[in-house]
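**Student:** Structure, please.
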Amino acid sequence: MKSDQPKLTSSVGKRLAQRRQGVTLADVARIAKVSEITVSRVLRRQGAIAESTRERVLDAVQHVGYVPNRLAGGLASSGSKLVGVIVPSLTNIVFPEVLDGIRSALADTGFQAVIGVSDYDLNTEEELVASLLAWRPEAMVIAGVEHTPVARAMLEGSGVRIAEIMEIDSQPIDLAVGHSHRQAGYDTGRYLIDKGYRRFGYVGHDWTADRRAQLRHDGLVMALAEAGLELIDRSLHDGPSSTASGRSVLAALLSRQSALDVVVFSNDDMATGGVFHCMSAGIVPKVDLGLFGFNGLDIGQALPTPLSTLRSNRFLTGRTAIEMLLRQRDRPMQPEIIDTGYQILPGATA
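**Tutor:** Next up is the predicted model:
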């Protein structure tokens, strides 16, 4: 009987097979032009191996993103029932909310999350990627789309489902779930311009560790430029965001630019510190100076004057990522992007 199933071309079939099976020891051996036994000996650091051969094998490992399989025989065939999760921080309340969404989606599925914390360091993330992939998880969830070349090669070559979460401003390896930070910054600018603000300042934290904050800044600048405006001044704290740094950096900014009518902060931690500075300096938020944050944290809404901000859907992002990964276990040929959106919370500071 003639099958109704379409036949794959050899090239498409090969790519699909690699997506499902991942990079193998044989792939490394073929590229390095050695035997699989030699590759295994190099990776296990067993026996005498010529230095030139060892370097050739390790170069091939990095090139294809091969990760050794730590599951033994029978376990490997049935899977590890693990989902690897890498976040940059557990002290930032944003990520525990994401993890709660992941936990909710994994409940009653038989899968367990194994969590690694990169501390906003891409080299640490690379080590975590190698460690987690070695246990052959069913899927991986990683905050952000920036990775080292080696980490990216491992993720692309693993064959497992990969969800890059919290942003959708770049093309993902497999699945992206989150929202556009550049658009969020742009919408913040448009919202404040429509409120009548014209003299904008910006207070932020280290962009090298938080690319998403810079994207929001760039979106804000874009909205201002379209309206014929520009940032009067900006101040960046040389370190991670915090309430204390938001307070001190706003004070420094206002010492230079006392005529600003609104300040946009990189996030609610910084903006809450800005509110505290205004309280101590006799500045009335919204009346004397508009203040606008990002994230929609509970602490900002619990202030005597609730913070004007933009809330991201963090729980939904974590839950949606897991639901999509487990709904289709094989990595699709085309990457997919899911926008979980955000909402402006008017508050009372802008």
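**Student:** Reduced to three states, what does residue 155 come out as?
**Tutor:** Here residue 155 is helix, with the state taken from DSSP: H, G, I helix; E, B strand; the rest coil.
**Student:** helices or strands up against the host helix or strand of residue 151?
**Tutor:** In this structure, residue 151 sits in helix 149-157 according to DSSP states H and E. With contacts taken as 3 or more CB pairs under 8 Å, 6 or more residues apart in numbering; DSSP states H and E, helix 149-157 sits against helix 51-64, helix 122-133. The way it works is simple: take the backbone N, C-alpha and C, and place the C-beta from them, glycine included.
**Student:** Out of the ones you listed, point me to the one whose mean pLDDT is lowest.
**Tutor:** Among the helices and strands packed on helix 149-157, helix 51-64 has the lowest mean pLDDT, at a mean of 80.
**Student:** For that helix, buried residues please.
**Tutor:** Across helix 51-64, burial judged by 16 or more other CB atoms under 10 Å covers 53, 54, 56, 57, 60, 61, 63, 64.
**Student:** Put together JSON lines for those residues, with distance to residue 191 on each row.
**Tutor:** As requested, the buried residues of helix 51-64 are arranged in JSON lines below (distance: CB to CB, whole Å):
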{"residue": "53", "distance to residue 191": "61"}
{"residue": "54", "distance to residue 191": "58"}
{"residue": "56", "distance to residue 191": "56"}
{"residue": "57", "distance to residue 191": "55"}
{"residue": "60", "distance to residue 191": "52"}
{"residue": "61", "distance to residue 191": "49"}
{"residue": "63", "distance to residue 191": "47"}
{"residue": "64", "distance to residue 191": "47"}
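**Student:** Could you single out the nearest of those residues to residue 243?
**Tutor:** Using CB to CB, residue 61 comes nearest to residue 243 of these, at 44.3 Å.
**Student:** I'd say that closest one and residue 28 touch.
**Tutor:** Yes - in this structure residue 61 lies within contact range of residue 28 using CB atoms under 8 Å: 5.6 Å.
**Student:** what's the overlap in contacts for those two?
**Tutor:** Residues touching both residue 61 and residue 28 (CB atoms under 8 Å, 6 or more residues apart in numbering) are residue 39.
**Student:** State which helix of this protein is the longest.
**Tutor:** If you go by DSSP state H, the chain has its longest helix at helix 211-226.
**Student:** List the buried residues of the helix or strand that that one is followed by.
**Tutor:** Where DSSP H and E defines the elements, the next helix or strand beyond helix 211-226 is strand 231-236. If you call a residue buried by 16+ other CB under 10 Å, then strand 231-236 has these buried ones: 231, 232, 234, 235, 236.
**Student:** Give me the contact list for strand 231-236.
**Tutor:** Applying CB under 8 Å, 6+ apart, the external contacts of strand 231-236 come out as 199-207, 217, 220-221, 224, 249-250, 252-253, 256-257, 259-260.
**Student:** Next step: the residues you listed restricted to helices.
**Tutor:** Here DSSP H is the test, and the contacts of strand 231-236 give 217, 220, 221, 224, 249, 250, 252, 253, 256 as lying in helices.
**Student:** What subset of these is buried?
**Tutor:** 217, 220, 221, 224, 249, 250, 253.
**Student:** what sits against the last one?
**Tutor:** The contact partners of residue 253, by CB under 8 Å, 6+ apart, come to 201, 203, 233, 234, 235, 260, 263.
**Student:** beta partners of the second one?
**Tutor:** According to DSSP bridges, the partner residues bridging residue 203 are residue 235, residue 265.
**Student:** okay but it is in contact with residue 272, surely?
**Tutor:** No - using CB under 8 Å as the test, residue 203 is too far from residue 272 to be in contact (11.5 Å).
**Student:** So for these two, which residue has more residues nearby?
**Tutor:** Neighbour totals were compared for residue 203 and residue 272, and residue 203 leads with 32 against 23 (other CB atoms under 10 Å).
**Student:** Quick check: the gap between that one and residue 300.
**Tutor:** Distance, residue 203 to residue 300, by CB to CB, to the nearest Å: 14 Å.
**Student:** Kindly report the same for residue 195.
**Tutor:** Distance from residue 195 to residue 300, counting by CB to CB: 18 Å.
**Student:** Mind pulling the model confidence for residue 110?
**Tutor:** pLDDT, read off for residue 110, is 89.
**Student:** is it true that it touches residue 81?
**Tutor:** Yes - when contacts are counted by CB under 8 Å, residue 110 is listed as touching residue 81 (5.9 Å).
**Student:** give me the number of residues near residue 268?
**Tutor:** Residue 268 has 31 neighbours, counted by other CB under 10 Å.
**Student:** which residues touch it?
**Tutor:** Here residue 268 is in contact with 293, 294, 295, 296, 297, 299, 300, 307, 309 (criterion: CB under 8 Å, 6+ apart).
**Student:** List only buried entries from those residues.
**Tutor:** If you count burial by 16+ other CB under 10 Å, the buried members of these come out as 293, 294, 295, 296, 297, 300, 307, 309.
**Student:** Residue 278 versus the fifth one, what's the distance?
**Tutor:** In this view, residue 297 and residue 278 are 18 Å apart by CB to CB.
**Student:** in the stretch 51-200 of the chain, which spans are helices?
**Tutor:** Taking DSSP state H, counting those that start in this stretch as the criterion, the stretch 51-200 of the chain contains helices spanning 51-64, 73-78, 94-106, 122-133, 149-157, 181-194.
**Student:** returning to that earlier point: quick check: the farthest pair among the ones in helices among the contacts of strand 231-236?
**Tutor:** Greatest spatial distance in those: 224 and 252, 21.4 Å, computed using CB to CB.
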